[in-house]
Each structure stands twice: as structure tokens, then as C-alpha cells.
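[1] Here you go, sequence then predicted model.
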Amino acid sequence: MRTDRSGSGRHATAQDGARIGFEARGTGEPLVLLAGQANSRRWWDPVRADFASSYTTITFDYLGTGSSDGPKGAEWSTRRFARDVIAVLDELGVTRAHVYGTSMGGRVAQWLALDHPHRVGALVLGCTSGGGDGTVPTDPDVIRALNTDTGTRREALTDLMVGPHRRWSHTGPLNLLGDASMSDHARRAHRRASAAHDAWAALPTIGRPTLVLHGTADRLTPPGNGVRLAERIPGAQLRLFGGARHAYFLERRQEASAAVLAFLASHTMTPA
């Protein structure tokens, strides 16, 4: 599969008529990259090149972020976001794609594999949880730090994402702290959608090859969540990154991207 590398955005239409912005770059088998809560497709900017030389990378803007619509009457849930991904794949004419989701994107990816298994090749779940009874809860002190004023919250979130070394050695913007263009309504809706995620009971029915990735120093989504996911999904592989925080894919970029690429290469898709 070949796509325009210019990065110009396009739109798909969701079941409720909402316009969903997306972008396809690269060459090869399609790979959907799913961002974290309250973030647009820009979440993947720092590492997207790692995959675009081997795969057609597909990123999209969740409802309420980037160039997507944000209607107040819409359904906001990780399961709904998964249906929006299907709308994007349909618009592109893609019958099946590998899926790599991080944080809330990993929760969306679970529903893709559960509700639309024939559309998913290999599945990669990073820094995420299965929800429900399988959740290892976040420390209340972390939650309190994220419920403070904007400046303090931003600093707390930055510290949860990456450690001091990553901040000192990379001075560019950190596109992981939320889409600044979001409305307060959309931001709250994303928070509720992610918190309400519960695929735990259904996870044992995932039949796609699965790799679970997690940083051992992740305080936002404690690493026990990754361990439980890997135990819950039949045949899942687990890779932990010692000392890495929530954004393990930045802190340990070389290792993390290599692990994903090796896993995907071992699960080349046959025609649907």
C-alpha cells in the first residue's frame, strides 16, 4: 500500500455523522497508531518515522481533538472511538490493519480487536489497562496532582510522562499533554470515556497476536496493569522497560520501536 507522504489530512464520517480527521503516511502494510486521552494524532509525531519507512501509518484525531468534530450530543466512549477507527479504515479502503495503541489508545485498541477482529492484524498495547476488575488503580496522590491548576497540572503530567533525563536532552515540545484546541466539554468527555473503559471480562476472547508494553516506573497507569493484560489475553507477550515512565516509547524509543517492529514483522498479514 502506498500513500501520499505530504501529510495532508483527510476526513471520514462516523456513524453519527461526525467528521473524523485522519492522516496516512508511509509505505507497506497498514498500521493504525492510537494516541492517549485528550490528544490528537500529534501524539505520534516524535516516533512516527520509526514505523513509516516500513508501514503505512494511519493516525486520527479523536472526537473533540484536532480536525475532528466535537458535538456535545455525541457518545464518548473507548468503544465508540474504536468504531471511528473503522470509519477511517473504510474511507481508506483498508480491510485489515495492525494496531498499536498507547494509554487510552490501548483501551480503544482492545475494542477494535474484540468488536472487529477481522479488521485487526497484530495488536500492540502500551501503557494501558483492561479496565473493570482488572485495573491496578493509580495512586490517589497522582490523581490529586492532576486536579490542580493548569500550570501545576501540566508540570505534574510532564513528570508522569517522562523523567528528567528526557526533558533535559530533548528541548522540543512534548506533544503528550493534551490537545490545546479541545473544549472543556471534550476534555471532560475524554476523561470519563477513559475512566469508564471496561473490557476485562471480554479480554480472554481476543484472538489476535498481542504484544503488551509497559514502563516499570509508570505511576499514571501502574505497570501491574500491563502484567495483568498479558496474563488475561491468550498468548500475549509482555515487554517491560525498566525505569521508564508512562511515555516509555519516548524514554526508551530505540528499544520500544524495535520491539514493535520485530513483533509486527513476525505477523505479516495475509490477504483478508
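    Arrived safely.
[2] Flag the shaky bits of the stretch 101-250 of the chain, pLDDT-wise.
    149, 165-172 (pLDDT under 70).
[3] all strands for it, in order.
    120-126, 210-215, 237-241 (DSSP state E, counting those that start in this stretch).
[4] which stretch among the ones you listed comes nearest Thr270?
    Thr270 lies closest to strand 120-126 among the strands of the stretch 101-250 of the chain, at 9.2 Å (C-beta to C-beta). The way it works is simple: take the backbone N, C-alpha and C, and place the C-beta from them, glycine included.
[5] Note down every partner strand of the closest one and its orientation.
    strand 97-102 (parallel), strand 210-215 (parallel) (DSSP bridges).
[6] any chance of these in TSV, with mean neighbour count and distance to Thr59 too?
    Below are those laid out as TSV (neighbours: other C-beta atoms under 10 Å; distance: least, C-beta to C-beta, whole Å):
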stretch	mean neighbour count	distance to Thr59
strand 97-102	28	10
strand 210-215	26	18
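[7] Distance to His118 added to the ones you listed, as a markdown table?
    What follows is these, written out as a markdown table (distance: least, C-beta to C-beta, whole Å):
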| stretch | distance to His118 |
| --- | --- |
| strand 97-102 | 11 |
| strand 210-215 | 16 |
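[8] now the strands of the stretch 101-250 of the chain as TSV including distance to Phe249?
    As requested, the strands of the stretch 101-250 of the chain are exported to TSV (distance: least, C-beta to C-beta, whole Å):
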stretch	distance to Phe249
strand 120-126	6
strand 210-215	8
strand 237-241	9
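[9] out of the strands paired with strand 120-126, which comes closest to Trp76?
    Among these, strand 97-102 comes nearest to Trp76, with 17.0 Å by C-beta to C-beta.
[10] quick one: pLDDT of Asp4?
    Looking at Asp4, its pLDDT is 37.
[11] nope, Met269 is what I was after
    Per the predicted model, pLDDT is 90 at Met269.
[12] Hmm, it is touching Val94, no?
    No - using C-beta atoms under 8 Å, Met269 is not in contact with Val94, being 10.7 Å away.
[13] Please report how far the one residue sitting closest to the centre of the chain lies from Val99.
    For the chain, Gly105 is the residue whose C-alpha lies nearest the centre (C-alpha atoms, centre = their mean; 2.6 Å). The spacing between Gly105 and Val99, counted by C-beta to C-beta, to the nearest Å, is 9 Å.
[14] what's the answer for Asp139, then?
    29 Å.
[15] Kindly report the same for Ala236.
    Distance from Ala236 to Val99, by C-beta to C-beta: 14 Å.
[16] residues in contact with the closest residue to Pro71 other than its chain neighbours?
    In space, not counting the residues next to it along the chain, Pro71 is nearest to Ala18; the distance is 6.0 Å by C-beta to C-beta, 6 or more residues apart in numbering. For Ala18, the contact set (C-beta atoms under 8 Å, 6 or more residues apart in numbering) comprises 63, 68-69, 71, 74, 84.
[17] Check what pLDDT Ala18 gets.
    96.
[18] and what of the one 10 residues further on?
    According to the predicted model, the pLDDT of Gly28 comes to 96.
[19] How many residues are close by it?
    Gly28 has 17 neighbours, counted by other C-beta atoms under 10 Å.
[20] Surely it touches Ser54?
    Yes - if you go by C-beta under 8 Å, Gly28 and Ser54 touch, sitting 5.2 Å apart.
[21] which residues are common contacts for these two?
    Joint contacts of Gly28 and Ser54 (C-beta under 8 Å, 6+ apart) do not exist.
[22] follow-up on the earlier one: from His197, how far off is the residue nearest to Pro71?
    If you go by C-beta to C-beta, the gap between Ala18 and His197 works out to 20 Å.
[23] List the contacts of the helix or strand where Ser257 lies.
    Using DSSP states H and E, Ser257 maps to helix 253-265. Helix 253-265 is contacted from outside by 29, 31, 46-47, 50-51, 54-55, 98, 100, 121-122, 124, 126, 209, 211, 213, 237, 239, 241, 248-249, using C-beta under 8 Å, 6+ apart.
[24] circling back to that earlier point, who touches both of Gly105 and Val99?
    Shared contacts of Gly105 and Val99 (C-beta under 8 Å, 6+ apart): Leu34.
[25] For His214, give me its contacts.
    126-127, 221, 223, 225-227, 238-241, 248.
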